[in-house]
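Asks: what follows is a predicted structure for the sequence shown.
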Amino acid sequence: MRVALVNANRIRPPIAPIGLDYIAEALSAAGHSVEVLDLCWEAETETAVGRFFSGKEFGLVGISIRNTDDCSFSTRESFLPVHAGITKSVREHSGAPVALGGVGFSIMPEKILERCGADIGVWGDGEFALVDLATRMEEKRNWQDVPNLVLYSGGKWVRNPASFPPLSSLPTMSRAWVDNPRYFREGGQAGFETKRGCPCLCVYCADPVAKGKKARLRPPAAVACELERLLALGIDNVHTCDSEFNVPESHAIEVCDEIARRGLGGRLRWYAYCSPGHFSRELAKRIRRAGCVGINFGVDSGDEGMLRRLGRDFGPEEILRAARLCREAGITVMFDLLLGSPGETRESIVRTIELVRKAGADRAGIAVGVRVYPGTEVAGIVASGNRKDGLTGGEDLSQPVFFLEPEVAPCIFSLLDDLTRGDARFLFFDPTRPQSNYNYNANQVLVDAIAKGARGAYWDILRSA
């Protein structure tokens, strides 16, 4: 079958659509003909869609939705109106069934299908479901029971049961389906996956909702082959797309050892998201040997009580230890903080900032307010605990709705300004200080730095921008 894949993500700096790249590879490996329309590079989406579909007949169109909004409390920009416009334009120019998918889509499939007006959706792994769907459609077989499919039935949107085939069954990823070299030139990095899903119990996180609650592992050899392909394309700065690279730690070590065994550690500069609670001295040594130069730890808070409320399985001592092990191994350290969730106090914020300084983190990014995603525990806490007093943005969770603890809401920005004044390591949104902007969407400082040759994780680029 002839399948069109459309990338609807248009944020700047540009982020290569790794999910769409993977799905195109899987469709091609299954014998389908694939063409990609990457709207990231187009000035006018309507014109680009019309030009792409003109004179072509497709059996299926897939549209990838990576983000539903900019995830920023201060700006709260929804991308769904743009996605709805793209979907409408595709339907006007093609008679093929239109399927939505992607990580952002998979968090709230029914809401997005309702807003965008597509025919069907795929929640979770698209490499398997979309291939199955295209094959059945081509063979004129029943496709309504394809696993992970979301379709309209009986007057409502219905999700089929989920299926999670082993990631070892994925084809070798060539990374040739989108212009990854251009994304590297203008975006400064490329992403790669070593696993999907997350067993952690963080109350706010949508990753288990979109990708499953169990870590599903890619073979280390497949990961290393993909990195070799990226190097062959001239891309030598990469970042993991995993929820937590070191969960489980044993798999992280196997991946690092395979990268080092192939001699890639000296040719790559890469970054990882990690949990401070599963970080050993052995992993620090192996990950550095494999070429990792920076780790972004999802710390969230430095207060013991807040860490428990957030569902984290580590405490302040584990945070301090992880930072110390990274310093010993020569790895740059970033702390991601999430302030303002239910139960936050002035005192817990002060303790968090003090811990960052004590740990000696090279960077600390502060997200103020918790994005409330459907299906997460915090959504239940807000609804059942009568905490709607802390909501900003209404109660429709397909919109950028945030919770900010009322006790600290009136003072949190001024408090953070006082606590971090003069310390350039801290990033948080302040319109008067664009160089400290922790919202990577439409970040002109980042765009300019990358244009001048900066490469790497965005937090690391901002250290010297």
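Replies: Yep, it's here. Please read all numbers here as calculations on a predicted model, not as lab measurements.

Asks: CA-only coordinates of stretch 130-143 in PDB, if you can.
Replies: Extracted C-alpha coordinates of stretch 130-143, given in PDB (Å, rounded to 0.1, in the frame of the first residue of the first chain):
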ATOM      1  CA  LEU A 130       0.100   1.100  11.500                       C
ATOM      2  CA  VAL A 131       1.800  -1.700   9.600                       C
ATOM      3  CA  ASP A 132      -1.000  -4.100  10.600                       C
ATOM      4  CA  LEU A 133      -3.600  -1.600   9.600                       C
ATOM      5  CA  ALA A 134      -2.000  -0.900   6.200                       C
ATOM      6  CA  THR A 135      -1.600  -4.600   5.500                       C
ATOM      7  CA  ARG A 136      -5.100  -5.400   6.300                       C
ATOM      8  CA  MET A 137      -6.500  -2.500   4.300                       C
ATOM      9  CA  GLU A 138      -4.400  -3.500   1.300                       C
ATOM     10  CA  GLU A 139      -5.600  -7.100   1.500                       C
ATOM     11  CA  LYS A 140      -9.200  -5.900   2.100                       C
ATOM     12  CA  ARG A 141      -9.400  -7.800   5.400                       C
ATOM     13  CA  ASN A 142     -11.200  -6.600   8.500                       C
ATOM     14  CA  TRP A 143      -9.000  -4.000  10.300                       C
END
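
Asks: report the distance from it to the chain centre.
Replies: 29 Å (CA atoms, centre = their mean, to the nearest Å).

Asks: do the same with stretch 387-407
Replies: Taking CA atoms, centre = their mean, one finds stretch 387-407 lying 22 Å from the centre of the chain it belongs to.

Asks: could you do stretch 287-298 as well?
Replies: The mean C-alpha position of stretch 287-298 is separated from the chain mean by 18 Å, CA atoms, centre = their mean.

Asks: now do the buried residues in it.
Replies: For stretch 287-298, burial by neighbour count (16 or more other CB atoms under 10 Å) applies to 287-288, 290-298. In this view, the C-beta of every residue, glycine as well, is placed from N, C-alpha and C.

Asks: what about it, start to end distance?
Replies: One end of stretch 287-298 to the other measures 17 Å (CA to CA, to the nearest Å).

Asks: surely T352 and S301 touch.
Replies: Yes - applying CB atoms under 8 Å, one finds T352 in contact with S301, separated by 5.1 Å.

Asks: what's the overlap in contacts for those two?
Replies: Shared contacts of T352 and S301, defined by CB atoms under 8 Å, 6 or more residues apart in numbering, are found at 337, 339.

Asks: quick one, which of the two is more surrounded?
Replies: Legend: neighbour count by other CB atoms under 10 Å for T352 and S301, higher for T352 (27 against 24).

Asks: state the distance from the more buried one to F335.
Replies: For T352, the distance to F335 (CB to CB, to the nearest Å) stands at 9 Å.

Asks: that older thread, which among the buried residues of stretch 287-298 gets closest to Y204?
Replies: Among the buried residues of stretch 287-298, G298 lies closest to Y204 (CB to CB), at 10.7 Å.

Asks: so which strand or helix has that closest one?
Replies: Using DSSP states H and E, the element containing G298 is strand 292-300.

Asks: strands paired with that strand, and their directions?
Replies: Under the criterion DSSP bridges, strand 292-300 sits next to strand 269-274 (parallel), strand 332-339 (parallel) in its sheet.

Asks: for the closest residue to E114 other than its chain neighbours, name its beta-bridge partners.
Replies: Leaving aside its sequence neighbours, E114 sits nearest to W157 (CB to CB, 6 or more residues apart in numbering; 7.1 Å). Beta-bridge pairing for W157 (DSSP bridges): Y152.

Asks: W157: neighbour count?
Replies: Neighbour count of W157, defined by other CB under 10 Å: 17.

Asks: what of V350?
Replies: So V350, with other CB under 10 Å, has 15 neighbours.

Asks: could you verify my assumption that V158 touches L151?
Replies: Yes - counting by CB under 8 Å, V158 touches L151, with 6.1 Å between them.

Asks: so these two - more neighbours on which side?
Replies: L151 (17 against 13).

Asks: mind listing the strands for the stretch 351-465 of the chain?
Replies: Counting by DSSP state E, counting those that start in this stretch, one finds strands in the stretch 351-465 of the chain at the ranges 363-368, 370-371, 391-392, 402-403, 426-427.

Asks: ok, which of these comes nearest R312?
Replies: Checking the strands of the stretch 351-465 of the chain against R312 by CB to CB gives strand 370-371 as the closest, at 13.6 Å.

Asks: what is that closest one packed up against?
Replies: Applying 3 or more CB pairs under 8 Å, 6 or more residues apart in numbering; DSSP states H and E, one finds that strand 370-371 contacts strand 402-403.

Asks: helix, strand or coil: sort out S243 for me.
Replies: coil (DSSP: H, G, I helix; E, B strand; the rest coil).

Asks: so who does it touch?
Replies: Neighbouring residues of S243 by CB under 8 Å, 6+ apart: 195, 197-198, 200, 205, 207, 211, 273.

Asks: the helices in the stretch 351-465 of the chain, which residues?
Replies: 377-384, 412-420, 444-451, 458-464 (DSSP state H, counting those that start in this stretch).

Asks: residues contacting the last one, please?
Replies: Residues outside helix 458-464 that contact it (CB under 8 Å, 6+ apart): 13, 188-189, 271, 293-294, 296, 332, 334, 362-363, 365, 427, 435-436, 440, 443, 445-446, 449-450, 454-455.
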